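K.L.:
model this:
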Amino acid sequence: MRTNISLRVWWGRRVRRWGEEAITELRADLDRMGYGWWPIPPRLRVALRHASAAEVPWLVFMLVAGVLVYIAVAYFVLALTIYRDQAPPWRWVVAWGISLFVLMKLSVTTRRAGLPFVRNMLTLECKTAIRACTEAYGASHSQRAEKLAAVSTALRRLEGDVMRAHRRSGTVAFLSPRRRELKSHAGQVVAKLRETEAALDHSLPAEVLCEIAGLAATIAEQHAAGRIGALLPKSALEGKEPVRDREMLRVAAAILTIAGGVVGLAFLGLPDMATVAAGTAWAILIMMALFGSNWARYLPILDLFKPGP
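P.N.:
Numbers count the residues shown, from 1 in each chain. Down below sits the predicted model:
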């Protein structure tokens, strides 16, 4: 018991240390970019601390999810090859089912503990973009090209998180009518970021880098405050054509691909148990391929393929 308490205390101190280091680093970067007058809001500090505390559970979830997919793929391959004309041994099926259950249980637990990391990922990407701008700002002539390329890479990741902010926030239901306006706003924010980045090619890089850092700081502050529909002020987004979000295209592709796989399995003449397991494995693989680490939010798609009463 004492050992467990000591480990918890040690881990808690370690996590708080990581959070404070992230805040200190952000403060130093902002000071260097000319934003020393801007105080880091308390909610932004909390977001960085929560993200630091949840990063390890999220990494464990990703590892467990990978093992889960591996087991699902293994069963899928075996069902199509070795056990195509016969049902697999019941002991093998029981072992597979128990492994799947344990991994699913662990996956759900670690995902729940790691959700703060995902929900604050936009804040972390803003911090990363500010760090990239700081390094490019103070880079020598020989390193400038490499550092500017790093800024572009950081902005591409930031754009992706801006477009997914309304989904990761956990406050907007799937297919909610609010999503349209939020997606439009996110598209405008991305358009603003791209417009500012393009100025690196025809303006003073130092001034543009400071502006990019300021935009990232504003986005981080608004996101930490829960204002995902106002990541940047309206005055900065006037006349900006929203960048399109292709979420619905991926949903449509998932439905068509899963349906095609299920129909194909029906023509293989597999035993019922093997068909159901292989179909489930196929559906999970497709959703993970199309939606990445956010695939669990799209599990309602599987309801479309449930047999009727």
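K.L.:
show me what the helix or strand that contains A47 is packed against.
P.N.:
Using DSSP states H and E, A47 falls within helix 42-80. If you count contacts as 3 or more C-beta pairs under 8 Å, 6 or more residues apart in numbering; DSSP states H and E, helix 42-80 packs onto helix 2-32, helix 90-119, helix 121-137, helix 205-224, helix 272-291. Yep, even glycine has a C-beta here, placed from its N, CA and C like the rest.
K.L.:
centre of the chain to it, how far?
P.N.:
With C-alpha atoms, centre = their mean, to the nearest Å as the basis, helix 42-80 stands 11 Å off its chain's centre.
K.L.:
and for stretch 255-264?
P.N.:
With C-alpha atoms, centre = their mean, you get 26 Å for stretch 255-264.
K.L.:
quick one: mean pLDDT over the helix holding A47.
P.N.:
Per-residue pLDDT values over helix 42-80 give a mean of 77.
K.L.:
could you do stretch 112-120 as well?
P.N.:
Stretch 112-120 shows a mean pLDDT of 84.
K.L.:
most packed of the helices and strands packed on helix 42-80?
P.N.:
Highest mean neighbour count of those: helix 121-137, a mean of 24 (counted as mean count of other C-beta atoms under 10 Å).
K.L.:
before we move on, back to that, output the helices and strands packed on helix 42-80 as a markdown table; include the columns distance to E159.
P.N.:
Compiled in a markdown table, the helices and strands packed on helix 42-80 are given as follows (distance: least, C-beta to C-beta, whole Å):
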| stretch | distance to E159 |
| --- | --- |
| helix 2-32 | 20 |
| helix 90-119 | 17 |
| helix 121-137 | 9 |
| helix 205-224 | 11 |
| helix 272-291 | 17 |
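K.L.:
from A220, how far out is L200?
P.N.:
21 Å (C-beta to C-beta, to the nearest Å).
K.L.:
now swap in R250 and tell me
P.N.:
Going from R250 to A220 by C-beta to C-beta gives 27 Å.
K.L.:
could you list the low-pLDDT ranges of this structure?
P.N.:
Residues of the chain meeting the criterion pLDDT under 70: 1-15, 69-70, 72-93, 245-248, 266, 268-275, 292-309.
K.L.:
at 50 instead, please
P.N.:
308-309 (pLDDT under 50).
K.L.:
OK, contacts around the spatially closest residue to H223 that is not a sequence neighbour?
P.N.:
In space, H223 comes closest to L122 once its chain neighbours are excluded; the distance is 5.0 Å by C-beta to C-beta, 6 or more residues apart in numbering. By C-beta atoms under 8 Å, 6 or more residues apart in numbering, the contact set of L122 is 158, 161-162, 164-165, 168, 219-220, 223.
K.L.:
just V60 next, same as before
P.N.:
Here V60 is in contact with 110, 114 (C-beta under 8 Å, 6+ apart).
K.L.:
let's see that with 6 Å instead.
P.N.:
With contacts defined as C-beta atoms under 6 Å, 6 or more residues apart in numbering, V60 is in contact with T110.
K.L.:
could you check how far it is from I71?
P.N.:
For V60 relative to I71 (C-beta to C-beta), the value is 17 Å.
K.L.:
ditto for A206
P.N.:
A206 is 52 Å from I71, by C-beta to C-beta.
K.L.:
just A230 next, same as before
P.N.:
44 Å.
K.L.:
secondary structure element for V162?
P.N.:
Going by DSSP H and E, V162 is part of helix 141-168.
K.L.:
can you mark which positions in that helix are buried?
P.N.:
For helix 141-168, the neighbour count (16 or more other C-beta atoms under 10 Å) marks 147-148, 150-151, 154-155, 158-159, 161-168 as buried.
K.L.:
which parts of the very next helix or strand once past it are buried?
P.N.:
Using DSSP H and E, the next helix or strand after helix 141-168 towards the C-terminus is helix 178-198. Neighbour counts over helix 178-198 (16+ other C-beta under 10 Å) mark 179, 182-193, 196-197 as buried.
K.L.:
so what's the gap between helix 178-198 and the chain middle?
P.N.:
On C-alpha atoms, centre = their mean, the centre of helix 178-198 falls 18 Å from the chain's centre.
K.L.:
what lies in contact with it?
P.N.:
Outside helix 178-198, the residues that touch it by C-beta under 6 Å, 6+ apart are 155, 159, 162-163, 166, 172, 211-212, 229, 231-232, 236-237, 240, 242-243, 245.
K.L.:
go again with 7 Å.
P.N.:
Residues from elsewhere that reach helix 178-198 (C-beta atoms under 7 Å, 6 or more residues apart in numbering): 152, 155, 158-159, 162-163, 165-166, 172, 208, 211-212, 215, 219, 228-229, 231-232, 236-237, 240-245.
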